[in-house]
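> Build me a model:
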Amino acid sequence: MYSLIKITFVTLLLSSTLLVQGCSANYVGGSTHSKAPMLNNFVIAEPLSINYKSEIAIARLSEVINRAKITDEQRAELLYDRGVLYDSVGLRSLARFDFTHALQLKPDLVDAYNFLGIHYTQLQEFSQAYEQFDSALDLAPDHEYAYLNRGIALYYGSRPKLASLDIQAFHQKQQDDPYRLLWLYLSEYNVDPLAAKYSLKQRALLVDNRMWAKQIIELYLGELSQGKFLKNLTQNIQSNQELTERLCEAYFYLGKYNQTLGYYDSAANFFKLAVSTNVYEFVEHRYAKLELDLMRTKTVMQP
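Purely as a prediction, here's the structure:
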């Protein structure tokens with residue numbers, strides 16, 4: 001069974017900041033003139049701990065890299081593998097060092113370019129991110145995740161039209177994937193919100209209703225309330241890990257949803273909840289942290 005806490009009356013941890021009804025504080029240039037809805041049921045899972053198998057694998061790879069007599073190409077592959085493990089446990093700087101070193105030894109290591117592009121996006125170093133993704137696609141034009149990740153970089157780099165083209169190419173590869181559809185919607189929303197919502201509704205017809213992420217789409221379309229969405233989060237969950245992974249996704253997309261409504265304080269707190277899950281490998285975890293960084297930057301820049 002999974003470990004779960006339901007906070008019925010938003011007190012203790014979340015009471016002072018999370019979705020306070022009638023909050024009028026400004027956040028990152030937006031004013032919550034309308035009242036954010038009071039949501040009475042929150043689900044919080046125990047954050048994921050680092051898998052001991054990952055720690056052992058890192059130690060073993062480090063020993064081989066440092067001591068074994070291997071070719072540069074073999075060393076590059078091992079450095080890449082260790083970088084992926086570092087990334088999976090949240091050690092981003094060490095991961096970035098290994099990816100960079102791997103490319104010095106093996107300049108055609110496509111996935112290392114892709115990972116570096118993701119990391120530069122998270123650091124808001126968008127020009128370098130674009131260069132990494134361009135390198136990956138030059139070497140492997142069919143690398144679909146490089147299209148997604150370059151699209152996300154363009155999205156956060158304030159180039160929504162270019163972002164939507166890349167993410168559309170990614171979406172075309174699997175049109176019934178709700179997550180591909182959601183990222184395409186987010187990119188198109190910054191170009192034309194009404195057209196984006198219309199397209200979301202049409203494309204959503206291909207998504208299986210049995211997939212839990214279909215409910216995120218229904219939330220965005222106004223077919224499901226936030227309260228009902230939160231209430232459904234524990235359906236068909238069998239373990240704490242499964243719950244935590246679902247909450248990482250759910251809270252990120254709730255954050256983006258509340259941004260569109262102008263509830264910036266609520267959005268920020270949902271992003272914090274997504275980050276608190278420690279699901280480092282999920283795209284939603286990566287960019288929840290970036291969303292918070294961007295919101296802080298905009299707040300500092302306010303006159």
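
> Please enumerate the strands of this structure.
Secondary structure of the chain (DSSP state E): strands at 4-7, 26-27, 30-31, 42-45.

> I'd like the mean pLDDT over the first one, please.
It refers to strand 4-7. Strand 4-7 carries an average pLDDT of 34.

> give the contact list for the nearest residue to residue 140 once chain neighbours are set aside.
Using CB to CB, 6 or more residues apart in numbering and skipping the chain neighbours, the partner closest in space to residue 140 is residue 110 (4.7 Å). Every C-beta, even on glycine, is put in place using the N, C-alpha and C of the backbone. Counting by CB atoms under 8 Å, 6 or more residues apart in numbering, residue 110 makes contact with 136, 139-140, 143, 146.

> can you check residue 287 too?
122, 152, 156, 252.

> low-confidence ranges in the stretch 1-150 of the chain?
Residue ranges of the stretch 1-150 of the chain with pLDDT under 70: 1-42.

> rerun at 80
Across the stretch 1-150 of the chain, the ranges flagged by pLDDT under 80 are 1-46, 48-50.

> Which parts of it are helices?
With helices called from DSSP state H, counting those that start in this stretch, the stretch 1-150 of the chain shows them at 52-67, 72-88, 92-105, 110-122, 126-139, 144-156.

> what's the first one packed up against?
Secondary-structure packing of helix 52-67 (3 or more CB pairs under 8 Å, 6 or more residues apart in numbering; DSSP states H and E): helix 72-88.

> mind redoing it with 10 Å?
Here helix 52-67 touches helix 72-88, helix 92-105, going by 3 or more CB pairs under 10 Å, 6 or more residues apart in numbering; DSSP states H and E.

> Output those helices in JSON lines, with distance to residue 266 and mean neighbour count appended to each entry.
Formatted as JSON lines, these follow (distance: least, CB to CB, whole Å; neighbours: other CB atoms under 10 Å):
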{"stretch": "helix 72-88", "distance to residue 266": "30", "mean neighbour count": "19"}
{"stretch": "helix 92-105", "distance to residue 266": "27", "mean neighbour count": "19"}
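
> quick one, phi psi at the residue located most distally from the centre of the chain?
Distance from the C-alpha centroid of the chain peaks at residue 69, with 38.6 Å (CA atoms, centre = their mean). The phi and psi values for residue 69, taken as degrees, to the nearest 10, are phi -90, psi 100.

> Thanks a lot, catch you later.
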